[in-house]
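Undergrad: The following block contains a protein sequence and its predicted model.
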Amino acid sequence: MRGIRQATVAALAAAPVALGHTWIEQLRNINDQGEYVGEYGYPRGMVSKTDPGFNGFSMNWELPGPNAKGRVFIDESTPLCHTSQRKQEQSKDKYPRLQAAPGGSIAMRYMENGHVTLPNNQKGKPKNGGTIFVYGTTEPKGDETLVTVLKWTQDGQGGDKRGKLLATNDFDDGRCYEKNDTPISQERTKSDPNFAMGQAVEGTPGNYPLFCETNVQLPKTAQKGKPYTFYWVWQWNTAPGGADPGLPNGKDEYYTTCIDVDVASADVAMAADAKQKYALGPQQDAMSVAVSDWASRTAIMTDAIKGEVGPIFSAKPTGTPSATGRPPFLNSTMPAPTAIPTLTKRPSISPTLLPGNDNMVTVTDTVFVTVTEPAATQSPPSAFTSRAAHSIRHKNGVKFRGHKHK
């Protein structure tokens, strides 16, 4: 039995790196001393890595993702939640919602999957593994879109005002790691050893990777007896400008997890002696305390819209073909071309002699100027007319050179 358990732990330690992506795997309440307390909680549609049938897409939700038909930037239709997380349902009885108290602090835990210990695997990525934005609402929608939620603000007045931004954390919480031979993994394994549940041995090296965590506070106004919804949004976009030669215009890359918690009284949610109701084996770890700065986390990037590299909030060209079939602009950072005038000369009236000066002739030409808009904003053809008066001297029998009409 011990051999099987150790083999399972080893397999789990290796699996996340191969998958390469991230989602919330468990939630814990944090008491005033920074300790995890109460029972475990889980996101909607939870599937553990140890469950039969688990695969890389069971929980991973990448946006715009593989179903975006080649698009590398999000748009108004990009769905926020995984297909299995669009309803307020838990997947199984063994993966319940977290019981959380109004005003209580919560740790949302996830594997770093190489984004911390192997940060150079992909070019053009933000520091500290990018930014986690946590949004909250009591009015979730099954067809929630990412763009709708990114517009929510801390004061609750952004976008459609159904929710608000609750927290911004760097992806790297400062202590998490995968088990590998990189210097950062080796250092953190020593400073914060971790173990599979039931295998902790005082003074020995840890045998289990350590979850990262996002720290967020459930609003004090959350009503007891009702669910409260969190949207965990990880922004890990590739910057434009050539850091990644294969993506000169940059690329959007988001990962999300949709979560409900049951709002309960503090004596229920924060009970230090609460027992684990479900035996989940090595899916859990033995870490008992939150990161040291759990109550004061800050992030490098605090505005999700500023971190967006596509055209959705800036109206920059996308680099994709236009609806008219014309070639796209070469780079999403290029300004759209200005209007290009097309000049067309038309016959004008005859030259007019100015009174008092028989050496001066005024020639009036009618010039039609057609302005052609860029393909993306072209309106029906239009023209405007200007009259240009040209004065020339007609002296000593010099003939007028130009158009002369009766």
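TA: On my side now, so go ahead.
Undergrad: Wait, Gln88 touches Gly45, no?
TA: No. Contact criterion Cβ atoms under 8 Å: Gln88 and Gly45 do not qualify, at 10.4 Å. Every C-beta, even on glycine, is put in place using the N, C-alpha and C of the backbone.
Undergrad: Look at these two and report which has more neighbours.
TA: When neighbours are counted by other Cβ atoms under 10 Å, Gln88 and Gly45 differ, and Gly45 comes out ahead with 21 against 14.
Undergrad: Am I right that the more buried one is in contact with His82?
TA: Yes. Using Cβ under 8 Å, Gly45 is in contact with His82, at 6.5 Å.
Undergrad: Now for these two: what residues contact both?
TA: Met59 (Cβ atoms under 8 Å, 6 or more residues apart in numbering).
Undergrad: Show me where the protein has its helices.
TA: Secondary structure of the chain by DSSP state H: the helices cover 2-19, 146-150, 183-191, 266-269, 304-307.
Undergrad: looking at these, which one has the lowest mean pLDDT?
TA: Within those, confidence is poorest for helix 2-19, with a mean of 39 (mean pLDDT).
Undergrad: which residues of this protein score low on pLDDT?
TA: By pLDDT under 70, the weakly predicted segments of the chain are 1-20, 272-283, 315-406.
Undergrad: list the contacts for Ala243?
TA: Shown in contact with Ala243 (Cβ under 8 Å, 6+ apart): 123-124.
Undergrad: ok, what's across the strand from the closest residue to Arg28 other than its chain neighbours?
TA: With Cβ to Cβ, 6 or more residues apart in numbering as the criterion, Arg28 has its nearest non-adjacent residue at 4.1 Å, and that residue is Tyr36. Assessed by DSSP bridges, Tyr36 has beta-bridge partners Ile30.
Undergrad: need the contact list for Tyr36.
TA: For Tyr36, the residues meeting the contact criterion (Cβ under 8 Å, 6+ apart) are 28-30, 107, 287-290.
Undergrad: can you redo those as a markdown table with distance to Asp173?
TA: Output for the contacts of Tyr36, formatted as a markdown table (distance: Cβ to Cβ, whole Å):
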| residue | distance to Asp173 |
| --- | --- |
| Arg28 | 13 |
| Asn29 | 17 |
| Ile30 | 13 |
| Ala107 | 9 |
| Met287 | 12 |
| Ser288 | 16 |
| Val289 | 12 |
| Ala290 | 9 |
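Undergrad: For Thr26, give the beta-bridge partners.
TA: Wrong residue type there; residue 26 is Gln, not Thr. Taking DSSP bridges as the rule, Gln26 bridges to Arg109.
Undergrad: From what I see, it and Tyr42 are in contact.
TA: Yes. Counting by Cβ under 8 Å, Gln26 touches Tyr42, with 6.1 Å between them.
Undergrad: what about the strands in the chain?
TA: Using DSSP state E, the strands assigned to the chain run over residues 26-30, 36-41, 62-63, 98-100, 105-110, 131-137, 163-170, 212-217, 227-235, 254-263, 340-346, 352-353, 360-372, 383-393.
Undergrad: Enumerate the positions of the second one that are buried.
TA: To tie it back to what came earlier, the one meant is strand 36-41. Neighbour-count burial for strand 36-41 flags 36-41 (criterion: 16 or more other Cβ atoms under 10 Å).
Undergrad: Name whatever forms a beta bridge with the nearest residue to Gln88 once chain neighbours are set aside.
TA: Ranked by Cβ to Cβ, 6+ apart and with sequence neighbours excluded, the top spatial neighbour of Gln88 is Asp260, at 5.2 Å. Note on Asp260: beta-bridge partners Thr229, judged by DSSP bridges.
Undergrad: Next one: Asp260 from Arg109, what distance?
TA: 16 Å (Cβ to Cβ, to the nearest Å).
Undergrad: swap in Arg188?
TA: 15 Å.
Undergrad: The contacts of Tyr36: which two are farthest apart?
TA: Largest separation among the contacts of Tyr36 by Cβ to Cβ: Asn29 and Met287, giving 13.9 Å.
Undergrad: Which of those two has more residues huddled nearby?
TA: Asn29 (28 against 24).
Undergrad: residue contacts, the more buried one?
TA: Counted by Cβ under 8 Å, 6+ apart, Asn29 has contacts 36-38, 98-101, 104-107, 269-270.
Undergrad: Please convert these to TSV, extending it with distance to Ser58.
TA: Listed next are these as TSV, based on distance: Cβ to Cβ, whole Å:
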residue	distance to Ser58
Tyr36	25
Val37	29
Gly38	26
Leu98	20
Gln99	25
Ala100	25
Ala101	30
Gly104	29
Ser105	28
Ile106	23
Ala107	22
Ala269	28
Met270	31
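Undergrad: Show me what Gln99 bridges to in the sheet.
TA: For Gln99, the beta-bridge partners are Asp262 (DSSP bridges).
Undergrad: so who does it touch?
TA: Shown in contact with Gln99 (Cβ under 8 Å, 6+ apart): 29, 38-39, 41, 261-262, 264, 268-269.
Undergrad: swap in Phe54?
TA: Contact analysis of Phe54 by Cβ under 8 Å, 6+ apart lists 47-48.
Undergrad: quick one: it from Cys81, how far?
TA: Applying Cβ to Cβ, the value for Phe54 to Cys81 is 19 Å.
Undergrad: now Arg44
TA: According to Cβ to Cβ, Arg44 stands 8 Å off from Cys81.
Undergrad: List the residues that are in contact with both of those two.
TA: Counting by Cβ under 8 Å, 6+ apart, the residues touching both Arg44 and Cys81 are Cys258.
Undergrad: Mind checking which of these two has more residues around it?
TA: The neighbour comparison of Arg44 against Cys81 (other Cβ under 10 Å) goes to Cys81, with 26 against 23.
Undergrad: From Thr145, how far off is the closest residue to the more buried one other than its chain neighbours?
TA: Nearest residue to Cys81, sequence neighbours excluded (Cβ to Cβ, 6+ apart): Cys258, at 4.1 Å. For Cys258, the distance to Thr145 (Cβ to Cβ) stands at 12 Å.
Undergrad: Same question for Gly156.
TA: Gly156 is 18 Å from Thr145, by Cβ to Cβ.
Undergrad: out of these two, which sits in the more crowded spot?
TA: Legend: neighbour count by other Cβ under 10 Å for Gly156 and Thr145, higher for Thr145 (18 against 15).
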